[in-house]
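> return atomic coordinates for the entry below.
(one chain, ligands or ions: 1)
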Amino acid sequence: MKNKIPIVAIIGRPNVGKSSLFNLLLGERKSIVDEMEGVTRDINMGVVRTGRMTFKLLDTAGYLEKGDDFNKLVQEKIREALTGTDLVLFIVDGREPHPYDEDIARILKREQKPVIIIANKLDNREMEILASQFYSLGFDTIIPFSVSHKRGYVQIIEIIEDMLSHLEYSGSDQGPEAGEIKIAIVGKPNVGKSMLINRLLGYERSIVSDIPGTTRDALDDVFEYSGQSIRLIDTAGLRRKSKVSGNIEYFSNVRTVQTIERSDVVIMLMDAAEQITQQDRKIVEMVIEKGKALVIAYNKWDLKRTRSDDDYKQMEATRKHTYREIGIYQFVPVEFISAQDGYHIDRLMELVFRVDKDYHFRVSTGVLNAWVSKEFRESDLNKPSSNLRIYYATQIYSAPPKFMFFINKKEHVRKDFPRQIEKKLREAFEFTGTPIKITFKEKS
Ligand code: GDP
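Next up is the predicted model:
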């Protein structure tokens, strides 16, 4: 969707406030309404420009409004309205769930569109709690709202922006690359990157990267490992001996940076004969800052390997030293391998699978908020000595996981608090090897 304006559709049963929401979001620019290809003219469309982006907004009121009967025709119409949309604002009457809502939810699920539930008509703060009734519809993002009072307006805009900007990065269609784990292997010259690639590809049955006519990037290698499709990013570049020979420059190498940017999981390869340095720490930092998951692998363990007990002690010592060097990134797992004889390559790949899973993991809003109330309602945070209040939280996206905490005032958030939340989130939900992002939104 990079080259087109994203489309947001307002869907909901009759009389929940679709048109009012449409008019509110569109503001004074109501007049910019044109027609859209392939979509019936009963659907109004306007262009919304927020601070951060522009999107087209579809209003299905008048189109879905006829009768309270959820028949085949209505289903068809909803499906038609969803064609080509990137995000759905699913508006409900927040005061009372209706069976019709469930019917709509079922269609939205089937169409696999990102959905924000807008629980409308919750005119005051006391009523907000009613919004939680709608978690049963199976969508994670629910905003208590009141069109007539404009309560929650800013929040809706911000969440739309967040979701759309995320779609822009990840691509809204899953396309041919769905399900692939994209791996970047980085490390200094001579740590064994090429050998690891060859070792991994040695396992594969069918390399598909060279099939003509596919859109695959010929620089990558795509193969299957334990039934999982893997894309090794820019293996062509890795095999070609780098002209960057110094140990220090390797991470600022443009090609390395690009490789990291295209990946989901980075394997940072180290030579087990060498200690981790502050330069390596910079790579760790860069990978995590770029929002990628990371595994550190010490290669050439065949040269260090001794009999079992000592071997374990050596690993522990290296691991300990590594964690001392990488400071706050204690969630990054460390493995010991030999690209040459294949030692622990299976464990490395299992680790990559696990890290990738955590990278894409979503905590459902129900579970998250049960955790929020347990963790923060009772802790000192919400005692009278602290002015900060956390109302609820939602995971607004994954890869990497990003959480939004709705609070009273940002000025009450202490500097170390995001880290504290991150730590607690990791204790509760693990998130091995993946960064976690945390943002705060004030709720008026
Ligand atoms: P790259 O520059 O990171 O791609 O490193 P290469 O894959 O070219 O490996 C550099 C050197 O290390 C070569 O001489 C390899 O044979 C050797 N090497 C790579 N992996 C291992 C390993 O697991 N054990 C041992 N003993 N040597 C290795």
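
> quick one, helices of the stretch 51-200 of the chain?
Taking DSSP state H, counting those that start in this stretch as the criterion, the stretch 51-200 of the chain carries its helices at 72-82, 99-111, 153-170, 193-203.

> so which of those gets nearest residue 313?
helix 193-203 (25.0 Å; CB to CB). In short, each C-beta sits where N, CA and C put it, glycine included.

> export the closest one as PDB, just CAs?
Output in PDB follows, covering the C-alpha atoms of helix 193-203 (Å, rounded to 0.1, in the frame of the first residue of the first chain):
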ATOM      1  CA  LYS A 193      29.000 -16.200   8.000                       C
ATOM      2  CA  SER A 194      29.500 -17.900   4.700                       C
ATOM      3  CA  MET A 195      30.100 -21.200   6.300                       C
ATOM      4  CA  LEU A 196      26.900 -20.900   8.300                       C
ATOM      5  CA  ILE A 197      24.900 -20.000   5.200                       C
ATOM      6  CA  ASN A 198      26.300 -23.000   3.400                       C
ATOM      7  CA  ARG A 199      25.600 -25.200   6.300                       C
ATOM      8  CA  LEU A 200      22.000 -24.000   6.500                       C
ATOM      9  CA  LEU A 201      21.500 -24.400   2.700                       C
ATOM     10  CA  GLY A 202      23.000 -27.800   2.900                       C
ATOM     11  CA  TYR A 203      19.900 -28.900   4.800                       C
END
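
> does it reach the ligand?
Yes. Counting by CB under 6 Å from any ligand atom, contacts between helix 193-203 and the ligand involve 193-195.

> following that helix in sequence, what is the next regular element?
Going down the chain from helix 193-203, the next helix or strand is strand 221-225, by DSSP states H and E.

> name the helices or strands packed onto that next one?
helix 193-203, strand 228-232 (3 or more CB pairs under 8 Å, 6 or more residues apart in numbering; DSSP states H and E).

> among those, which is the most enclosed?
Among the helices and strands packed on strand 221-225, ranked by average contacts under mean count of other CB atoms under 10 Å, first place goes to strand 228-232 (a mean of 20).

> now the angle between helix 193-203 and that strand, please.
150 degrees (axes from the mean of the first three to the mean of the last three CA atoms, to 10 degrees).

> adjust the sequence numbering to begin at 33 for everything that follows.
Shifting the count to begin at 33 puts that one at strand 260-264.

> ok, back up a step: pipe the residues of helix 225-235 next to the ligand into TSV and attach pLDDT per row.
Listed next are these as TSV, based on pLDDT from 0 to 100:
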residue	pLDDT
225	92
226	90
227	92
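
> and these, which is closest to residue 133?
Set against residue 133, the nearest of these by CB to CB is residue 225 (52.7 Å).

> wait, residue 130 sits on residue 123?
No. Look at residue 130 against residue 123 with CB atoms under 8 Å: they stay out of range, at 11.7 Å.

> if we can go back for a sec, who wins for proximity to residue 104 among the helices and strands packed on strand 253-257?
Across the helices and strands packed on strand 253-257, closest to residue 104 is strand 260-264 (CB to CB), at 37.6 Å.

> which residues sit against that closest one?
209, 211-217, 229, 232-233, 252-256, 385 (CB atoms under 8 Å, 6 or more residues apart in numbering).

> now list the buried members of those residues.
212-217, 229, 232-233, 252-255, 385 (16 or more other CB atoms under 10 Å).

> for residue 423, give me the pLDDT.
pLDDT, residue 423: 86.

> center of this structure - which residue?
In the chain, the residue lying closest to the centroid (CA atoms, centre = their mean) is residue 430, at 1.8 Å.

> can you pull the contacts of it?
Contacts of residue 430 by CB under 8 Å, 6+ apart are 391-394.

> go on, residue 329?
Counting by CB under 8 Å, 6+ apart, residue 329 makes contact with 299-302, 366-369, 380.

> just give the number of residues close to the residue lying closest to residue 177 once chain neighbours are set aside.
The shortest distance from residue 177 to any non-neighbouring residue, by CB to CB, 6 or more residues apart in numbering, is to residue 184 (3.9 Å). Using other CB atoms under 10 Å, residue 184 is surrounded by 22 other residues.

> which residues does residue 184 contact?
150, 175-178.

> so which of the residues you listed comes closest to residue 322?
Nearest to residue 322, judged by CB to CB, of those is residue 175 at 29.5 Å.

> I'd say the closest one and residue 163 touch.
Yes. Using CB under 8 Å, residue 175 is in contact with residue 163, at 7.4 Å.

> who touches both of those two?
Common contacts of residue 175 and residue 163 (CB under 8 Å, 6+ apart): 149, 151.
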